[in-house]
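Q: what follows is a protein structure lacking sequence information:
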């Protein structure tokens, strides 16, 4: 069984790039070969609502990750969870960082998947370490897709 990544409402992002980024992160982090992740690309209002309802933070953010618990031995792929990306925030961040919006969205999907595999970014040191890992995975994903990796 292969790693299954479902992309919903890609908001002008290329689904294949987001799927490849999520799959690269799952492989790099040693996820089971039969793992499943769902990615939703939506707007700031939806991300703010989810952030408020599930995390108690009444603000939009760039990416949210919702790990899933699956009973041991349950049939089918191992459901790791959901990643939610705000397309407008990704575009704003991309402009501010002078990179393509697709690249920013890839990085956010990878960041979300890293959270699903146990990474934390509560401290500045954890944030820096996680960002380095996400960029490394992004380079691997882009190379696997035959694209030039960004520095």
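A: Here it is on my side, so go on. Since the model is a prediction, treat every value here as computed from it, not as a measurement.

Q: for the residue nearest the centre of the chain, phi and psi?
A: The chain has residue 109 as the residue nearest its centroid, 1.9 Å off, counting by C-alpha atoms, centre = their mean. When read as degrees, to the nearest 10, the backbone of residue 109 gives phi -60, psi -40.

Q: the one 5 residues further on now?
A: With angles defined as degrees, to the nearest 10, residue 114 shows backbone torsions of phi -60, psi -40.

Q: might you report the residue contacts of it?
A: By C-beta atoms under 8 Å, 6 or more residues apart in numbering, residue 114 lies in contact with 25, 29, 130, 133, 134, 137. To be clear about C-beta, it is placed using only N, CA and C from the backbone, and glycine gets the same treatment.

Q: so the first one versus residue 103, what's the distance?
A: Separation of residue 25 from residue 103 (C-beta to C-beta, to the nearest Å) stands at 15 Å.

Q: looking at those two, which one has more neighbours?
A: residue 25 (30 against 19; other C-beta atoms under 10 Å).

Q: I'd like the contacts of residue 114 as CSV, with secondary structure and pLDDT appended.
A: Putting the contacts of residue 114 into CSV (DSSP: H, G, I helix; E, B strand; the rest coil; pLDDT from 0 to 100) gives the following:
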residue, secondary structure, pLDDT
25, helix, 96
29, coil, 95
130, helix, 97
133, helix, 98
134, helix, 97
137, helix, 97
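
Q: out of those residues, which is nearest to residue 56?
A: residue 130 (22.1 Å; C-beta to C-beta).

Q: that closest one reaches residue 124, doesn't it?
A: No. Contact criterion C-beta atoms under 8 Å: residue 130 and residue 124 do not qualify, at 10.7 Å.

Q: which one's more surrounded, those two?
A: residue 130 (17 against 8).

Q: what residues sit buried inside whichever helix or strand residue 92 is part of?
A: Following DSSP states H and E, the helix or strand that holds residue 92 is helix 87-97. For helix 87-97, the neighbour count (16 or more other C-beta atoms under 10 Å) marks 87, 88, 89, 90, 91, 93, 94 as buried.

Q: ok, residues contacting that helix?
A: 11-13, 41-44, 47, 60-62, 100-101, 103-105, 108.

Q: got it, and stretch 69-83?
A: Against stretch 69-83 from outside (C-beta under 8 Å, 6+ apart): 1, 4, 22, 26, 31-32, 34-40, 63-68, 109, 112-113, 115-117.
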